[in-house]
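Undergrad: pasting the sequence and the predicted coordinates here, then a few questions.
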There are 4 protein chains.
Amino acid sequence: MERFTYQRRIEYSDTDMGGIVHFSRFFVFMETAEHEFLRALGTSIDRTVDGVRISWPRASATCDFKSPARFGDVLHIHVRIVRRGVKSLTYGFEFWREDTLLAQGKTTSVCCAMHPDRSPEPIEIPDWFAHAIASDA
Amino acid sequence: MERFTYQRRIEYSDTDMGGIVHFSRFFVFMETAEHEFLRALGTSIDRTVDGVRISWPRASATCDFKSPARFGDVLHIHVRIVRRGVKSLTYGFEFWREDTLLAQGKTTSVCCAMHPDRSPEPIEIPDWFAHAIASDA
Amino acid sequence: MERFTYQRRIEYSDTDMGGIVHFSRFFVFMETAEHEFLRALGTSIDRTVDGVRISWPRASATCDFKSPARFGDVLHIHVRIVRRGVKSLTYGFEFWREDTLLAQGKTTSVCCAMHPDRSPEPIEIPDWFAHAIASDA
Amino acid sequence: MERFTYQRRIEYSDTDMGGIVHFSRFFVFMETAEHEFLRALGTSIDRTVDGVRISWPRASATCDFKSPARFGDVLHIHVRIVRRGVKSLTYGFEFWREDTLLAQGKTTSVCCAMHPDRSPEPIEIPDWFAHAIASDA
């Protein structure tokens, strides 16, 4: 997959009293764009394998905001994998409204086994997941 | 002010199906920590001066996550100003649960005049605001 | 319009540590379903008329939850107007996942002129809005 | 306990472009008020008993909005139990800003055993929980 684009319309609850989209929402949009990207590749972050829930907690997230988004705007969010580690993945995102670049962001997630009442345990990215994203060369 | 600490208990709605606090919530916590810091200094980001609403849209926000937070945890969030520009401010944050550093973040905000249906207009930080934070040397 | 259906996929950030969609999200979904319904009718809740911003604060909102929704579920949300007052509208909603009714809700909104630093002022529903929804008999 | 009051300051991210608190936030506030009420009684909704996680999904939630809340407002949220069933509890809430009643709400929650990939299973309210709230006569 050369590039994946996730489209989303700004909702009323995304806005704040400044009249624009609250900056924290861009991080939610990045996450959903990532999940839609994986869905398009036929996989998901949500799997229970041998009774262990796999999850991808964030190691870091960053966003630069260039221009505000407003209620009703349609955002085109470009997603790509910018770094593939043994246990982690870094995704890059661009937020466009027509010809205007609104924001650029990055998130790094660590593949983890989730145990109740313990810290997430980083594990190697499972083969079934690696294969799915291998098609995105 | 040497350092300001904002305390907050994790709520149920802060969590996600991974059983931990959703990463986007840390950005909300940073913002509220910033506002409580300003409140302690006797000022606020929310002012209408000469009929113009002043606001502080984000230019950038970043966070590194070290250890997850869970429902009921009490977070101590340290706030300080790390860079003071003519029109912008950069805040640094540390999230602690007792002796454990959970996350570190930064946000940069631009002082803007907000006009309906126009982009936020960057302006020099007003004197009343600069004076308030000057006490935080 | 006999009935309008808004479709939405559950996102990771909609969930909580119980593994299901947080109940407060259903109220956000109702609002967005209402706005998509109005968009389909060619109108919007967001209008500034003669320099006055019109908005529709909620007078009440209620929801009965029958069965939980989970990450990845596709919800079909049916919307209809159940009561048309002079200054208010009541919408009814049903949330379906395939053949399962997940929830039923209602919201009542009051048409208001929004003034800075004053309470919202209830006004009669403007003609341009009434005409748009009149097609939904 | 005659009555419990939970105090909370409105945050920037609670607001929307209408300049007031988004109505969905009141439901989050009710939930946190309920949890703080239980904390004051020495218990919690979050328990794993014999390896089974107990949770309290909502059966219904309703709120009537009288007057808007704004950024920086301090809300006093009164909580009480209005109905005690075998498997469910109904809480009543009032939202006050000084002498102004802003909103009134109710939520009904069902005590459930949570199993992965299955619907929540309603169970009788456990003794340890019933005893804790019995002090609230």
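TA: Received the coordinates, thanks.
Undergrad: run through the neighbouring helices and strands of the worst-scoring helix or strand of chain A on mean pLDDT.
TA: In chain A, no helix or strand scores lower on mean pLDDT, DSSP states H and E than strand A:47-49, which sits at a mean of 79. If you count contacts as 3 or more CB pairs under 8 Å, 6 or more residues apart in numbering or on different chains; DSSP states H and E, strand A:47-49 packs onto strand A:52-55. From N, CA and C alone the C-beta is placed, and that goes for glycine too.
Undergrad: is the strand it packs on anywhere near chain B?
TA: Yes. Strand A:52-55 reaches chain B (CB under 8 Å from any CB of the partner chain) through A:53, A:55.
Undergrad: buried sites along the least confident helix or strand of chain A?
TA: When burial is assessed from 16 or more other CB atoms under 10 Å in any protein chain shown, strand A:47-49 yields no buried residues.
Undergrad: need the residues of chain A near chain C, please.
TA: Residues of chain A lying near chain C by CB under 8 Å from any CB: A:11-13, A:28, A:31-32, A:35, A:44-46, A:71-72.
Undergrad: and the least confident helix or strand of chain A, how far from the chain's centre?
TA: Its chain's C-alpha centre lies 19 Å from the corresponding centre of strand A:47-49 when counted by CA atoms, centre = their mean, to the nearest Å.
Undergrad: what lines up beside it in the sheet?
TA: strand A:52-55 (antiparallel) (DSSP bridges).
Undergrad: how about residues contacting the partner strand?
TA: Residues outside strand A:52-55 that contact it (CB atoms under 8 Å, 6 or more residues apart in numbering or on different chains): A:45-48, A:111-115, A:120, A:123, A:126, B:18, D:116.
Undergrad: closest one of the residues you listed to chain C?
TA: A:Asp46 (5.6 Å; CB to the nearest CB).
Undergrad: do I have it right that that closest one meets C:Asp73?
TA: No. A:Asp46 is beyond contact range of C:Asp73, at 11.4 Å (criterion: CB atoms under 8 Å).
Undergrad: which strands or helices does the longest helix along chain A pack on?
TA: In chain A, with assignment by DSSP state H, the single longest helix is helix A:23-40. Judged by 3+ CB pairs under 8 Å, 6+ apart, the packing partners of helix A:23-40 are strand A:4-9, strand A:58-65, strand A:74-84, strand A:88-97, strand A:100-110, helix B:23-40.
Undergrad: reformat the ones you listed as a markdown table; add mean pLDDT.
TA: As requested, the helices and strands packed on helix A:23-40 are exported to a markdown table (pLDDT from 0 to 100):
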| stretch | mean pLDDT |
| --- | --- |
| strand A:4-9 | 98 |
| strand A:58-65 | 98 |
| strand A:74-84 | 96 |
| strand A:88-97 | 98 |
| strand A:100-110 | 98 |
| helix B:23-40 | 97 |
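Undergrad: nearest to A:Ala134, out of these?
TA: For A:Ala134, the closest of the helices and strands packed on helix A:23-40 is strand A:74-84, at 9.3 Å, according to CB to CB.
Undergrad: quick one: work out the angle between that closest one and strand A:4-9.
TA: Interaxial angle, strand A:74-84 versus strand A:4-9 (axes from the mean of the first three to the mean of the last three CA atoms, to 10 degrees): 150 degrees.
Undergrad: and strand A:74-84, what's buried?
TA: Result for strand A:74-84 [16+ other CB under 10 Å]: buried residues A:75, A:77-79, A:81.
Undergrad: the contacts of strand A:52-55 in strands, which ones?
TA: Taking DSSP state E, the ones among the contacts of strand A:52-55 that sit in strands are A:47-48, A:112-114.
Undergrad: tell me which of those residues is nearest to chain B?
TA: Of those, the one sitting nearest to chain B (CB to the nearest CB) turns out to be A:Met114, at 6.0 Å.
Undergrad: isn't that closest one right next to A:Ile123, touching?
TA: No. Between A:Met114 and A:Ile123 there is no contact under CB under 8 Å: 10.3 Å.
Undergrad: quick one, which of these two is more surrounded?
TA: A direct count of neighbours by other CB atoms under 10 Å in any protein chain shown for A:Met114 and A:Ile123 places A:Met114 higher, at 20 against 15.
Undergrad: what pairs with the more buried one across the strands?
TA: Counting by DSSP bridges, A:Met114 forms beta bridges with A:Arg53.
Undergrad: check contacts around it.
TA: Applying CB under 8 Å, 6+ apart, the residues near A:Met114 are A:52-55, A:120-121, B:18-19.
Undergrad: show me the contacts for the residue of chain A positioned farthest from its centre.
TA: Distance from the centre of chain A peaks at A:Met17, with 26.1 Å (CA atoms, centre = their mean). A:Met17 is in contact with B:46, D:12, D:15-20, D:70-71, counting by CB under 8 Å, 6+ apart.
Undergrad: the nearest residue in space to A:Ile10 that is not next to it in sequence: neighbour count?
TA: Nearest residue to A:Ile10 in three dimensions, chain neighbours excluded: A:Asp73, at 4.6 Å (CB to CB, 6 or more residues apart in numbering or on different chains). By the criterion of other CB under 10 Å, A:Asp73 has 18 neighbours.
Undergrad: follow-up on the earlier one: pLDDT added to the contacts of A:Met17, as TSV?
TA: Converted to TSV, the contacts of A:Met17 look like this (pLDDT from 0 to 100):
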residue	pLDDT
B:Asp46	79
D:Tyr12	97
D:Thr15	97
D:Asp16	95
D:Met17	91
D:Gly18	88
D:Gly19	88
D:Ile20	92
D:Arg70	95
D:Phe71	95
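Undergrad: what is the nearest of those residues to A:Leu102?
TA: Relative to A:Leu102, the closest of the contacts of A:Met17 is D:Met17; by CB to CB it sits at 16.6 Å.
Undergrad: grab the nearest non-local neighbour of the closest one.
TA: Per CB to CB, 6+ apart, closest to D:Met17 is A:Thr15, 3.9 Å.
Undergrad: look at A:Glu121 and say how many residues are nearby.
TA: Counted by other CB under 10 Å, the residues lying close to A:Glu121 total 12.
Undergrad: OK, contacts around the residue lying closest to it once chain neighbours are set aside?
TA: Closest residue in space to A:Glu121, ignoring its immediate chain neighbours: A:Ala113 at 4.6 Å, by CB to CB, 6+ apart. With contacts defined as CB under 8 Å, 6+ apart, A:Ala113 is in contact with A:52-54, A:120-121, A:123.
Undergrad: go again with 7 Å.
TA: Residues in contact with A:Ala113 (CB atoms under 7 Å, 6 or more residues apart in numbering or on different chains) are A:52, A:54, A:121, A:123.
Undergrad: show me what contacts the last one?
TA: Yep, that's A:Ile123 we're talking about. Here A:Ile123 is in contact with A:87, A:111-113 (criterion: CB under 7 Å, 6+ apart).
Undergrad: perfect, that will be all.
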